[in-house]
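K.L.:
okay, sequence plus prediction incoming.
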Amino acid sequence: GGIAQSVGTGLLPEGARIDRMLAEAHAHAARHHEGRVADYIPVLAAADPEAFGLCVVGVDGVRHEVGQTATRFSIQSISKAFVYALVVDHLGHGRVREVVGVNNTGLAFNSLIAIELHDGHPRNPMVNAGAIATTALMPGADPDAQWEAVREGLSRFAGRPLAVDDEVYRSESETNQRNRAIGQLVHSYGRIERRPADVVDVYTRQCALSVDTVDLAVMAATLADGGVNPVTGERVVSAEACRDTLAVLATSGLYETSGDWMFEIGLPGKSGVAGGLITVAPGKVGMASYAPRLDAAGNSVRGQIAAAYLSRVLGLNIF
Ligand code: DON
C-alpha cells in the first residue's frame, strides 16, 4: 500500500506516484553541482561529492527511496534536533526554553559573536552553543551515562542501534578547538553546569553517529508522527516534546538561512555538515536526503532543492 491509502488522508498520492515523484526530485536536484563538501572536519572532505540519496517514510511506516540511500555518513547537526527532543521530554517546555532559547541567531552555526551578543545565552538549540548547552542537560550521573542516553535515545528514533563512526569522532576531536571554546564561553556565563570539556566530548560523539538516508527518514517520520516511531511503533518522546522540537526546527533548523528554507519549503527541517538533511511534514511524512555539497551556511544544496521539489509536488507546504 502507498502512503495515501494507509494514512487515509487522501492528501498524498499512492505509492507508484510517490516513487515517480521521488525519482523526478532526485533527477532534478542531481543536475546541480554547486556547493562544497565540508572540510573543516578533515575526514568529511573524503566524501563523494556526487553521492545522492533520497528517502521518504510515511507516518504509516511505508518507505520510498531512490539513489544512494544505504551510504553511511555522520549525522552531525541533525543529531541536535533529536537530543533536543529527548531533553525537552525529560525537563519540559519551560526549563529548556529558559536555558537554551528558541530564537534564530541570524549568525553562523559556530558563531562566538552570537554568544557574546546575548550574555552567553545560546539563543537556540540548533547552533553549536545551544546544542552543547542542550547536551549538558541530558540525564545521566556522568558523561558516559549521558552519552549512553543520547545513543540509546537516537537509536529509538531510528529504530535500530546506532553507533559512532570512530574515524569521524577522532577527526573532529582533534580539530574541534572552536567547539571547545564555545563550551568554555557558555560555561563562563554559568549556562552549562557540567564540565564543558566533557559535554563537548559527548556532543562530538553525538555528531559522529553513523546513519544512512533511510535512518534519517525514519527519524524524521518519528517527528512527523508526534513522537511515535512509525516503523517500530514505539513512543520515543511525548507529543509535546515533538511539537516543541518542530517549532525550533522551523525557526532555526537551517541556521541563518532558515527564512529562505521556510519560504521555499514551508516545513520544519534540519541539516548536517556531512550532507544529511531531514524535512518533516507533520502528520504525513518524514523525508531525508544525503548529498554532501553544501552552501555557504552549511546546508546541503541538492537536499534543499529536492525538498523544495517534493514539498511542492506532494502539496506539503504548511502555509
Ligand atoms: O560541531 C560541528 O561543527 C559539527 N559537529 C556539526 C555542525 C553541523 O553539522 C552544521 N551543519 N550544517
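P.N.:
Good, I have the coordinates.

K.L.:
hmm, who's touching stretch 139-150?
P.N.:
Contact partners of stretch 139-150, identified using C-beta atoms under 8 Å, 6 or more residues apart in numbering, comprise 79, 83, 86, 90, 135, 138, 194-195, 198-199, 201-202, 205-206. Where you see a C-beta, it was placed from the backbone N, CA and C, and this is true even at glycine.

K.L.:
would you turn these into CSV with neighbour count?
P.N.:
Below are the contacts of stretch 139-150 laid out as CSV (neighbours: other C-beta atoms under 10 Å):
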residue, neighbour count
Ser79, 27
Val83, 24
Leu86, 25
His90, 16
Thr135, 33
Met138, 24
Arg194, 18
Arg195, 14
Asp198, 18
Val199, 25
Asp201, 21
Val202, 25
Arg205, 23
Gln206, 28
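
K.L.:
secondary structure, pLDDT and distance to Glu98 added to those residues, as TSV?
P.N.:
Output for the contacts of stretch 139-150, formatted as TSV (DSSP: H, G, I helix; E, B strand; the rest coil; pLDDT from 0 to 100; distance: C-beta to C-beta, whole Å):
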residue	secondary structure	pLDDT	distance to Glu98
Ser79	helix	98	22
Val83	helix	98	17
Leu86	helix	98	18
His90	helix	97	15
Thr135	helix	98	17
Met138	coil	98	17
Arg194	coil	97	17
Arg195	coil	98	22
Asp198	helix	98	22
Val199	helix	98	18
Asp201	helix	98	25
Val202	helix	98	21
Arg205	helix	98	26
Gln206	helix	98	22
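
K.L.:
residue closest to the middle of the protein?
P.N.:
Ile78 (2.2 Å; C-alpha atoms, centre = their mean).

K.L.:
is it true that that residue touches Val273?
P.N.:
No - under the criterion of C-beta atoms under 8 Å, Ile78 is not in contact with Val273, lying 9.6 Å apart.

K.L.:
give me the mean pLDDT for stretch 13-28.
P.N.:
Stretch 13-28 carries an average pLDDT of 93.

K.L.:
may I see the buried residues of that stretch?
P.N.:
Neighbour counts over stretch 13-28 (16 or more other C-beta atoms under 10 Å) mark Pro13, Gly15, Ile18, Asp19, Met21, Leu22, Ala25, His26 as buried.

K.L.:
cool, stretch 128-141 as well?
P.N.:
Asn128, Ala129, Gly130, Ala131, Ile132, Ala133, Thr134, Thr135, Ala136, Leu137, Met138.

K.L.:
so which of those residues comes closest to the ligand?
P.N.:
If you rank those by distance to the ligand using C-beta to the nearest ligand atom, Asn128 comes first, at 4.9 Å.

K.L.:
how much space between that closest one and Lys80?
P.N.:
Spatial separation of Asn128 from Lys80 under the definition C-beta to C-beta, to the nearest Å is 9 Å.

K.L.:
try Leu44
P.N.:
When Leu44 is compared with Lys80 (using C-beta to C-beta), they lie 17 Å apart.

K.L.:
ditto for Ser238
P.N.:
Here Ser238 is placed at a distance of 19 Å from Lys80 (C-beta to C-beta).

K.L.:
and for Leu310?
P.N.:
Taking C-beta to C-beta as the measure, Leu310 falls 23 Å from Lys80.

K.L.:
more crowded one of those two?
P.N.:
Neighbours were counted for Leu310 and for Lys80 using other C-beta atoms under 10 Å; Lys80 has more, 31 against 27.

K.L.:
quick check: which element contains the nearest residue to the more buried one once chain neighbours are set aside?
P.N.:
The shortest distance from Lys80 to any residue other than its chain neighbours is 4.2 Å, reached at Ala131 (C-beta to C-beta, 6 or more residues apart in numbering). Counting by DSSP states H and E, the element that carries Ala131 is helix 128-135.

K.L.:
any residue of that helix up close to the ligand?
P.N.:
Yes - between helix 128-135 and the ligand, judged by C-beta under 6 Å from any ligand atom, the touching residues are Asn128.

K.L.:
then stretch 194-209?
P.N.:
Yes - with C-beta under 6 Å from any ligand atom as the threshold, stretch 194-209 lies in contact with the ligand, specifically through Cys207.

K.L.:
circling back: residues in contact with the helix holding Ala131?
P.N.:
If you take C-beta under 8 Å, 6+ apart as the criterion, helix 128-135 is touched by 77, 79-80, 83-84, 87, 96, 99-101, 109-111, 114-115, 122-125, 146, 150, 179, 182-183, 185-186, 191-192, 196, 199-200, 202-203, 206.

K.L.:
switch the cut-off to 7 Å
P.N.:
Contacts of helix 128-135 with the rest of the structure, by C-beta atoms under 7 Å, 6 or more residues apart in numbering, involve 80, 83-84, 87, 99-101, 109-110, 114-115, 122-125, 179, 182-183, 186, 191-192, 199-200, 202-203, 206.
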